[in-house]
Every structure is written in C-alpha cells, then in structure tokens.
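Give me a model of this one.
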Amino acid sequence: MHRLPVELLQAVFLLLVNDTPNCPSIFSTGTTTMSVNFASPPLLFTRVCRHWRDVAHSTPGIWSRIKVELPGALVQPLKPLFPSLLQYWLARSGNLPLTIRIEQILPSNLSYARAPNDGNSRLLKIIYDEMGRWETVFGCPAELGLSDNFNTPQLRTLEQLWDISDLTKFNAPNLRHLRVMYSLSVSIRSFRPNAACGSIRHLYLHQVLPSGIRYFPAIFPRLETLDVHVLTPHIRGMDMGSHSDTYSCLESMTLPFDHLSRDTFTIIFRGLHLPVLQKLTLVLGPGKPRVEKITEALAVAGSCNIRVVDFRLHESGNDLDVHALEPLLSVVQEVAAGTWIEALGGKELDYEFVYASSLCRGIY
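Got it, this is the predicted structure:
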C-alpha cells in the first residue's frame, strides 16, 4: 500500500468512509462507559502507519461525516480527551459541509436522561459551533437544549425532528428533506411557517392525525413527496383551524392502509385538490384490506389525477382480492401491488400484478 499514489489511497479511504453505515462513529458508549472508537475509519487509518496517518490528515472528505454518541448522565465525569478529539476530527474536515448523526444512549431510569449533563453540553457546544456547515443532520439537536436559534444556511436534510414546532428554531433556507416524529394537533394549529418551510420538498411524518394532513399545504407549499408512517385515530369535533385544500406541487403520497375507521381516508381526501399527484402508495398491514375505502375517498377528492395506486403488501402476506381493485380504475389509471424482498444490493419491490385501465386485466 506504500506504493499506491496518494490520490488513489485517498480515494480508497473515501470509499471506505462513505460505505460506513450511519456515519463513522467517533466514540463507543455503554450505559456507564465511554471510549474512543479507534476500530472505525477514519481514526483507524491514523493508527496503521505514519504514511497512512499523513494521507488521512490531508484528506478532509473522510472527516466530514461523523456519528457522535452522547455519554448520557451516568458517564461522569467526561474525560478531556473526548471533546478534544471531537474538535480535532471536525477541524480535519476543513470547510466541507458536514453530515452529523447525534445519538444518546438512554438509561432505564429516564430521570437520569432529563438531568443536566455537563458532558453532553460540552460535546454539543463543539457541534453547534460548526452549525454553519451542517448539510445533513440525523437526530435533532433542537430537542437536546443549549440553543433556540440554529443558523444553518447549508442544511438540506434534517432527520428525527421530535415535534414540528422545533422547526421554528431553524434558519434553514435550503432545507429540502424533513423527518418529523410527532405532528401533534396543538403544534400544527399554533405553528407559524418560517423560511425553511417554503423550501422543503420531501416530508416524512412518523405520526399524524388524518385532518392534520389537510393543514400541511399551508405550511409546506412546495411539497413534492409526503410519507406518513402512522395515522392516529381521528378525534371527532376537533377543529384544525383554517387551512389550504391544495397540494399544488405534490407528486407522490405514501399512507398506511390498515384497520382504521371507514371515514379516515374520506377525512383526508374530501375536497382535497391534488392537481399533479402521480402516485399514491398504500402500505398494507396484515389481514384483508377494505379497498372500497380508498375508492370512495378518491371519488370525493376536489381534483385528483392520480396515475397509479400502489399497494405495498405486508411481508407476512395479505388477502388482497384482485377483483375488488377494479372499481379503483374509475378514479386512477393503474393499480399495482408488490412486496419488498431481499435482493443483491438491498431490498427491491417484487410486483405481483399490475392492473391497468387500458388492459382491464391482471398481469401476473
């Protein structure tokens, strides 16, 4: 390896670092212990030989991705080595945009997690000092305290925002991808959109009320994809306040399709305008789905030109009646169903059939 040109060795380093799942980890933490993770690149490269160390130090790209596991309240005190090493790592990345994953191991006694923690604060302060370079952040720093104002001009992806109200803490005019864990009705009704909202194109919601979905066009007017993992039961009589009924840019929507009340999808789609929606993906749980629910809901949408309704079948199997899908072709052009399967290079969809209005028959 000493004979390899420096440029080639740098390329190998970059491939190895970028292939590390969830970003290279700087620390290894347990419930009460914390150590430096020298077994993971790029720190591993610095311990092989002097030549590798020099090449690693001169390659900013291998230091621009990092996972920081916060020590938690039970690791006391924090050794000076840890904040010094974090500063060293980030300094080696030069001026490159940063991808940061922030994790915290929570103890079984959550009262410890809520207690003030000097160790966490010292590490977070170092990360916050680089917020101008944040490009992708996993694990929302807003919920971890220390700051109510995040000036992040390069931020494009923000994952695991605990509540939608935390978005008001971010000055992020280039934010494109947002993942929110909980969109509570109170948060939605009181939310005041900021500049970041106008730039978001792709939104993932872990949990939201059906009526809340109708409120998001007013918050995220340029949304192109919407992915909802859990629809919480609708609360009758809940007034979500004024809202827009038009998703003017939305091209793809993914919703869970399980044993919800019959009017859940009607609440979402009645009078809702989706002028450019191309694909509606419905993720099925186990059991026999009531396909007529979605047919009825799409029939009362304000304007809807969906090309495809795509059923994602549960891996344990679904009793999906192909003949029950035919009425859907009165409101969409094509119906498909597929299951995720393990394949070379990751998971891929195995489509069991495509049912198209132009063919009026199943293709198996």
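
quick one: low-confidence ranges for the stretch 1-150 of the chain?
Along the stretch 1-150 of the chain, segments meeting pLDDT under 70 span 1-2, 72-76, 105-116, 140-147.

Strands of that one, start to end?
27-29, 34-36, 65-70, 98-104, 134-138, 150-151 (DSSP state E, counting those that start in this stretch).

Next, the angle from the longest one to strand 65-70.
Read it as strand 98-104. 20 degrees (axes from the mean of the first three to the mean of the last three C-alpha atoms, to 10 degrees).

what about residue 233, distance to residue 298?
In this structure, residue 233 and residue 298 are 21 Å apart, going by C-beta to C-beta, to the nearest Å. Glycine gets a C-beta too; all of them are placed from N, C-alpha and C.

which one of the two has more residues nearby?
residue 298 (21 against 10; other C-beta atoms under 10 Å).

isn't there a helix covering the more buried one?
Yes. With the criterion set as DSSP: H, G, I helix; E, B strand; the rest coil, the secondary structure at residue 298 is a helix.

Pretty sure it sits against residue 306.
Yes. Using C-beta atoms under 8 Å, residue 298 is in contact with residue 306, at 6.9 Å.

tell me, what's touching those two both at once?
With contacts taken as C-beta atoms under 8 Å, 6 or more residues apart in numbering, residue 298 and residue 306 have 280, 331-332 as neighbours in common.

List the contacts of the closest residue to residue 17 other than its chain neighbours.
Counting by C-beta to C-beta, 6 or more residues apart in numbering, the nearest residue to residue 17 once its immediate chain neighbours are dropped is residue 62, at 4.5 Å. Contacts for residue 62 (C-beta under 8 Å, 6+ apart) come out as 13-14, 17, 41-42, 45, 56.

of those, closest to residue 178?
Minimum separation from residue 178 among these (C-beta to C-beta) is found for residue 17, which lies at 25.7 Å.

quick one, what contacts that closest one?
Residue 17 sits in contact with 24, 41-42, 61-62, 65, where contact means C-beta under 8 Å, 6+ apart.

likewise residue 168?
With C-beta under 8 Å, 6+ apart, residue 168 has these contacts: 191-192, 194.

With residue 191 instead?
When contacts are counted by C-beta under 8 Å, 6+ apart, residue 191 touches 164-165, 167-168, 219.

any idea how far residue 202 is from the closest residue in space to residue 13 that isn't next to it in sequence?
Computed as C-beta to C-beta, 6+ apart, the closest residue to residue 13 that is not its neighbour in sequence is residue 62, at 5.0 Å. Here residue 62 is placed at a distance of 28 Å from residue 202 (C-beta to C-beta).

Residue 296 now?
Distance from residue 296 to residue 202, by C-beta to C-beta: 29 Å.

returning to that earlier point: could you save the contacts of residue 17 as JSON lines and add columns showing distance to residue 257?
Listed next are the contacts of residue 17 as JSON lines, based on distance: C-beta to C-beta, whole Å:
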{"residue": "24", "distance to residue 257": "38"}
{"residue": "41", "distance to residue 257": "42"}
{"residue": "42", "distance to residue 257": "44"}
{"residue": "61", "distance to residue 257": "42"}
{"residue": "62", "distance to residue 257": "43"}
{"residue": "65", "distance to residue 257": "36"}
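
quick check, nearest of those to residue 253?
Closest approach to residue 253 among the contacts of residue 17 (C-beta to C-beta): residue 65, at 31.0 Å.

And for the closest one, the neighbour number?
Applying other C-beta under 10 Å, we find 21 residues neighbouring residue 65.

That one pairs with what?
Partner residues in beta bridges with residue 65, using DSSP bridges, are residue 99.

So residue 83 sits against residue 122, correct?
Yes. The criterion here is C-beta under 8 Å, and residue 83 meets it with residue 122 at 5.0 Å.

Need the overlap of contacts for those two.
Contacts common to residue 83 and residue 122, judged by C-beta under 8 Å, 6+ apart, are absent.

centroid residue for the protein?
In the chain, the centroid-proximal residue (C-alpha atoms, centre = their mean) is residue 179; its distance is 4.0 Å.

Check the secondary structure at that residue for me.
Secondary structure of residue 179, per three-state DSSP, is strand.

And residue 199, how close does it get to residue 337?
Distance check for residue 199 against residue 337: by C-beta to C-beta, it reads 35 Å.
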